[in-house]
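In: Here is a sequence together with a model predicted from it:
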Amino acid sequence: MQAFLNQKTITAAFILLAVAFPILTQNNYFIYIVTLSFIWMIGVYGLNLLAGYTGYLSLAHAGFFAVGAYSLGILTVKAGINYWAALVLACLITSFIGLLIGLIALRTKEHFFAIYTLCVGYILYLVIYNWESITGGVRGLIGIPAPSNIGPISFQNPLSQYYLVLFFLLFTILMMYRIVHSLSGRTFIAIRNSEELAQTIGISTMKNKLVVLVLSTFFAGLAGALYASFIRFIGPDIGYITITFDLLMYLLVGGIGTLAGPIVGTLLLVWVSQYLQFLQDYRMLIFGPLLTLIIIFYPRGIVGAIYSWKMKLGKKAKRTSDRGKSSGHDKGTGSMAEKKVEEG
Amino acid sequence: MFLETKHLTKQFGGLVAVNNVDFSIEKGKINAIIGPNGAGKSTFFNIISGLHPSSSGQVIFKGKDITKLPSNKIAKLGVARTFQTTHLFEQSTVLDNVIVGHRLRTKSNLLDAVLRTKRFWTEEQKCREKAIEVLDFVGLTHAAHKMADSITQEEKKRVAFALALATDPEVVFLDEPAAGINPDETEGLALLMEKMVQKGITVCLIEHKMQMIMKISDKIMVLNHGEKIAEGTPEEIMGNQTVIEAYLGGSVSA
Ligand SMILES: Nc1ncnc2c1ncn2[C@@H]1O[C@H](COP(=O)(O)OP(=O)(O)OP(=O)(O)O)[C@@H](O)[C@H]1O
Ligand SMILES: [Mg+2]
């Protein structure tokens, strides 16, 4: 019970802090950075559902992110479609491409899947780079409109854009929470655990993996589309492999297969990157070893580490309280365990 | 005929792992498959449960040819199995490991999950109740909220049973359920298998522990180098010269 309250409090505190943040800082640069982080988080959540909960590490997600961004850019700039319609279409186009690629890619497993999707990501990048008549090639697309007004609400200034992106982030988190805590979520986790076992308890693994891949690319596309309308200019480099590795790094550091991981990892690494910007690409010299250490010692990232630490504390507390009363101890571990599963 | 295989054969390249096996599983009985290491027992299970395609031959379940069905469909027909090695999700509770076992009897999809529909809640409840029921059946109620990595090897075997039972099977295939556990625990698992039969579930198991096999099985098939070399009641098998030779020969060359 206490653990449950705890989780609710943390969620409420996060939302409150996120809502109050622009008022607290008043600093446009910080608002800009955090908005951008929120956009990355949406993409990381998409990756997490596939790689974290279903066990399929996609290295094509920058490609899908770019497909979302370019779809929105092309639909608004070249086709002149209404922004909101373009946003929806951009997500649908990305998931449709995800579906097509998934039909082939999901016939492979583990590192073969990773390598296959790495190639797919690179091909998506090359297509964007070379299809000049549509994508503008290396010059990219400029003049992407900001989200159009909804009634009296305009999205022209950084503050309203911040809240718009926050809205989509909260929407993403709600979706993820509900998916993970459902029979569907359990099904995905069963696939991650052992695909053979999942099949023999009656799970159609191919169908479920396809559904996850489509959803996962949907969120990558959403992140990309929001990015395009926030930055207002896109070039092919947003589809490059380095972006995939950024997303993956945020996920691994925060905690793969946990619900809070994408937030923690993204905020932390984006923030640290700001301070290490003077190092340019050499900052990888710091991130590389850091990442290796985290994967070795905390395979479920910071969030996972906090959980196992809490579990240990819970067990200790249980042991001491058990000396007094022997009943009721089952409930104690039960709620701790449930909580862990809720997060993980 | 409840479940039978006809001329079932599986080749891995040049190796014939299962060779032309005719076997019928009797409903409501404990059927056992024995044989030396590498005899093709697990492969036989893998073909029946649809994990591996057969090279030739048929699997017939209640008059229906299931040879070409994918394993998830076979599971839906009421055929469950466990594996030689248990694959529990260790970072989760025993109960959570078992809940997903009843997933195949539910219909709710992602939309139900996202919208939290009525069907979502009833089916979540249904799966949870099923898991509690089968955990009670295998005698693990006390461990339901323990983490799967904190329970004993014998308890893990029971969780694997529970997971198979959560699918509401008519027949369960158990691959070496008593491997790696002590004699007392083996006794307990044997009782559990008898309890399953009493509940109306047909059991087919692979086992190396002869004492247990001879005690609980109604019918035994012996495989050697992929071929069926004998079939019959425990008494018949114990007195069978070919079987004795296969086992002795096996241990001499091993
Ligand atoms: N996927 C596979 N690919 C190639 N060969 C295989 C495969 N699975 C099993 N085999 C081979 O088929 C033969 C039968 O293996 P199987 O696992 O069915 O034996 P078993 O009777 O279950 O043995 P054990 O008692 O050791 O579990 C062995 O020689 C094994 O090496
Ligand atoms: Mg075997």
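Out: Noted; the coordinates are in hand. Ligands and ions are numbered 1, 2, ... in the order given.
In: And the residue of the stretch 1-150 of chain B that's closest to ligand 2?
Out: B:Ser42 (3.1 Å; CB to the ion). Where you see a C-beta, it was placed from the backbone N, CA and C, and this is true even at glycine.
In: So is the host helix or strand of that residue next to ligand 1?
Out: Using DSSP states H and E, B:Ser42 sits within helix B:41-48. Yes - under the criterion of CB under 6 Å from any ligand atom, helix B:41-48 makes contact with ligand 1 via B:41-43.
In: quick check, nearest of those residues to B:His145?
Out: Lowest distance from B:His145 to these (CB to CB) belongs to B:Ser42, with 32.4 Å.
In: surely that closest one meets B:Asp175?
Out: Yes - look at B:Ser42 against B:Asp175 with CB atoms under 8 Å: they come within range, at 5.7 Å.
In: list residues touching both of these two?
Out: B:84, B:206 (CB atoms under 8 Å, 6 or more residues apart in numbering or on different chains).
In: Average pLDDT for the helix or strand where A:Ser229 lies, rounded please.
Out: Element membership for A:Ser229, per DSSP H and E: helix A:205-231. For helix A:205-231, mean pLDDT rounds to 96.
In: returning to that earlier point: and for the residue of the stretch 1-150 of chain B closest to ligand 2, the neighbour number?
Out: 20 (other CB atoms under 10 Å in any protein chain shown).
In: so what are the domain limits for chain B?
Out: Domain assignment for chain B by automatic domain parsing gives B:1-78+B:170-254, B:89-168.
In: Let's have those domains in a markdown table, adding distance to A:Gly52 and mean pLDDT.
Out: Below are these laid out as a markdown table (distance: least, CB to CB, whole Å; pLDDT from 0 to 100):
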| stretch | distance to A:Gly52 | mean pLDDT |
| --- | --- | --- |
| domain B:1-78+B:170-254 | 23 | 91 |
| domain B:89-168 | 12 | 94 |
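In: from those, which stretch is densest packed?
Out: domain B:89-168 (a mean of 20; mean count of other CB atoms under 10 Å in any protein chain shown).
In: How about it and chain A, touching?
Out: Yes - Domain B:89-168 reaches chain A (CB under 8 Å from any CB of the partner chain) through B:89, B:91-93, B:96, B:99-101, B:103-104, B:106, B:108-110, B:112-114, B:116, B:120, B:123-124, B:127, B:142, B:144-147, B:163-164, B:166-167.
In: Just say helix, strand or coil for A:Ile101.
Out: Three-state call for A:Ile101 (DSSP: H, G, I helix; E, B strand; the rest coil): helix.
In: any idea of the pLDDT on it?
Out: The model's pLDDT for A:Ile101 equals 95.
In: what residues are up against the closest residue to it other than its chain neighbours?
Out: Leaving aside its sequence neighbours, A:Ile101 sits nearest to A:Val120 (CB to CB, 6 or more residues apart in numbering or on different chains; 5.5 Å). If you count contacts by CB under 8 Å, 6+ apart, A:Val120 has them with A:60, A:63, A:101, A:105.
In: Now do the helix or strand harbouring A:Val120 against helix A:205-231, angle only.
Out: Using DSSP H and E, the element containing A:Val120 is helix A:110-130. Taking axes from the mean of the first three to the mean of the last three CA atoms, to 10 degrees, one finds helix A:110-130 and helix A:205-231 inclined to each other by 40 degrees.
In: right, and the helix or strand after helix A:110-130?
Out: helix A:132-135.
In: picking up where we left off before, would you mind checking which of the contacts of A:Val120 is nearest to A:Thr242?
Out: A:Gly63 (12.1 Å).
In: That closest one: what's its closest spatial neighbour, skipping adjacent residues?
Out: A:Leu124 (3.2 Å).
In: Please apply the same query to A:Phe233.
Out: Per CB to CB, 6+ apart, closest to A:Phe233 is A:Ile142, 5.0 Å.
In: what separates the one you found from A:Asn130, distance-wise?
Out: 19 Å (CB to CB, to the nearest Å).
In: Same check on B:Ser92?
Out: From B:Ser92 to A:Asn130 the distance is 46 Å (CB to CB).
In: do the same with A:Ser154
Out: In terms of CB to CB, A:Ser154 sits 37 Å off from A:Asn130.
In: before we move on, what about A:Trp309?
Out: Taken as CB to CB, the span from A:Trp309 to A:Asn130 is 49 Å.
In: State the number of residues packed around A:Leu99.
Out: 14.
In: what's near enough to touch the residue in the stretch 101-250 of chain A that chain B sits nearest to?
Out: Taking CB to the nearest CB as the measure, the stretch 101-250 of chain A has A:Gly202 as its residue closest to chain B, at 2.8 Å. Taking CB under 8 Å, 6+ apart, we find A:Gly202 in contact with B:72-73, B:75-76, B:103-104, B:167.
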